[in-house]
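>>> just need the structure, nothing else, for what follows:
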Amino acid sequence: MNSVLESVIANAISLGLSTIVGFILFVFGVNTQTTVTVATGVLFGFAVLFLVARKHYPRYKRRRTKRLLDQALNVKENETDEEKVVFKAKIIERVQLENAGVQLQENSSVVEFMNQASCEPHIREAAHNAKKVKILTIRGEKYFLGPNSYLYHLCTTKRSKDSTIEVLVLSPDSKHISDDLASKLDHESAEEIRAKMRAVFHYLNLLAERIKNFEVKCYDERPNFKILLFDDVMFVSSFAEDGPKNDHHAKMLQIKRDGNPLFLGFERFFDDLSKRSVSLSKEVVGRV
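Numbers count the residues shown, from 1 in each chain. Have a look, this model is predicted:
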């Protein structure tokens with residue numbers, strides 16, 4: 001379809017240029033026969049030029065793209081130009097998103113993704129008709145806050161009576177939230193983090209009051225894992241690495257329940273942590 005469109009556009013341009021050349025010759029008094037001959041020659045010349053360019057341009061574009069990528073990725077460790085560093089990071093992130101690094105296989109019980117964003121379609125698919133949902137995270141706004149959140153549809157569509165949603169979020173009073181952590185996350189203070197958490201928790205509390213079998217609890221332990229469980233499919237990432245604790249840097253695993261001890265182990269970890277957690281009360285979120 002694109003090649004046909006390109007041919008039509010090229011022919012239209014060539015015809016237009018040959019017509020203009022013919023008109024100019026006619027204005028300058030060149031006889032009609034000569035004008036037609038020259039215009040036809042121009043048209044033929046442009047057609048040949050288009051065919052040659054069409055054949056060689058993709059090759060030139062690939063070479064040019066490779067050269068530009070080499071220049072963009074050739075950033076030294078002591079580079080002081082922040083724009084170059086940021087641009088390189090964006091290119092690498094884009095490639096990682098387009099090529100998750102692992103091709104899904106029907107019988108594969110564990111699949112690794114570069115980050116949460118690269119497996120977002122699989123998360124949404126697994127959550128679409130899930131009856132048992134368990135979410136372990138730090139705040140939870142990415143999953144429930146607003147119509148673009150991953151699990152917003154679970155809060156707005158009619159669900160079966162046996163459907164349950166369990167959410168575990170970090171307590172805003174957790175000792176893990178410190179001024180040192182705030183500095184690493186580019187926040188002014190620990191209290192700023194707590195204020196944002198309470199704002200999200202206020203919304204989660206409203207959902208828990210409105211939706212049947214929607215339970216939210218607060219845990220007061222150092223976050224180690226993010227767990228998204230939908231019936232027999234689970235997505236897990238770890239906060240244990242020293243790097244930034246966000247969805248762009250942490251690898252995520254997709255794990256299936258069938259015969260997989262990892263699935264059972266993470267689900268038990270979630271259930272045990274839930275027993276040690278407290279309900280998200282109005283007293284907790286009332287300090288927004």
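>>> all strands of the stretch 101-250 of the chain, in order?
For the stretch 101-250 of the chain, applying DSSP state E, counting those that start in this stretch gives strands covering 110-113, 132-136, 164-170, 214-219, 225-230, 233-238.
>>> buried ones in the second one?
Within strand 132-136, the residues that count as buried by 16 or more other Cβ atoms under 10 Å are 133-136. Yep, even glycine has a C-beta here, placed from its N, CA and C like the rest.
>>> between it and strand 225-230, how many degrees?
Going by axes from the mean of the first three to the mean of the last three Cα atoms, to 10 degrees, strand 132-136 is angled at 170 degrees with respect to strand 225-230.
>>> worst mean pLDDT among the strands of the stretch 101-250 of the chain?
Within the strands of the stretch 101-250 of the chain, confidence is poorest for strand 110-113, with a mean of 88 (mean pLDDT).
>>> what is it packed up against?
strand 252-256 (3 or more Cβ pairs under 8 Å, 6 or more residues apart in numbering; DSSP states H and E).
>>> so residue 59, which state does it fall into?
When the structure is reduced to helix, strand and coil (DSSP: H, G, I helix; E, B strand; the rest coil), residue 59 reads as helix.
>>> what sits against it?
With Cβ atoms under 8 Å, 6 or more residues apart in numbering as the criterion, no residue contacts residue 59.
>>> tell me the pLDDT of it.
Reading off the confidence values, residue 59 has pLDDT 77.
>>> pretty sure residue 189 sits against residue 178.
No. The pair residue 189 and residue 178 does not pass the contact test of Cβ atoms under 8 Å, sitting 9.6 Å apart.
>>> low pLDDT regions in the protein?
Along the chain, segments meeting pLDDT under 70 span 1-36, 38-48, 50, 54-55, 73, 75-107, 181-186, 241-249, 281-288.
>>> domains for it, by residue range?
Domain assignment for the chain by automatic domain parsing gives 2-73, 109-285.
>>> highest average neighbour count across those?
Across the domains of the chain, the average number of neighbours (mean count of other Cβ atoms under 10 Å) peaks for domain 109-285, which reaches a mean of 16.
>>> list the contacts for the residue nearest to residue 174 when sequence neighbours are not counted?
Closest residue in space to residue 174, ignoring its immediate chain neighbours: residue 220 at 5.1 Å, by Cβ to Cβ, 6 or more residues apart in numbering. Applying Cβ under 8 Å, 6+ apart, one finds that residue 220 lies in contact with 170-171, 173-175, 277.
>>> tell me the two of those residues that are most distant?
Taking Cβ to Cβ as the measure, the contacts of residue 220 reach their widest spread between 175 and 277, a distance of 15.4 Å.
>>> if we can go back for a sec, and the buried residues of strand 132-136, which is closest to residue 157?
When these are compared for distance to residue 157 (Cβ to Cβ), residue 133 wins out at 12.8 Å.
>>> only alpha carbons, please: show stretch 272-281 as PDB.
Listed next in PDB are the C-alpha coordinates belonging to stretch 272-281 (Å, rounded to 0.1, in the frame of the first residue of the first chain):
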ATOM      1  CA  ASP A 272       1.900 -14.200  55.500                       C
ATOM      2  CA  LEU A 273       2.600 -10.500  55.100                       C
ATOM      3  CA  SER A 274      -1.100  -9.800  54.900                       C
ATOM      4  CA  LYS A 275      -1.600 -11.500  58.300                       C
ATOM      5  CA  ARG A 276       1.000  -9.100  59.800                       C
ATOM      6  CA  SER A 277      -0.600  -6.000  58.200                       C
ATOM      7  CA  VAL A 278      -3.300  -3.800  59.500                       C
ATOM      8  CA  SER A 279      -6.400  -2.500  57.700                       C
ATOM      9  CA  LEU A 280      -6.200   0.900  56.000                       C
ATOM     10  CA  SER A 281      -8.400   2.800  58.500                       C
END
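>>> which ones are touching residue 217?
Contacts for residue 217 were tallied using Cβ under 8 Å, 6+ apart; they are 166-169, 274, 277-280.
>>> go with 7 Å
Counting by Cβ atoms under 7 Å, 6 or more residues apart in numbering, residue 217 touches 168, 274, 277-280.
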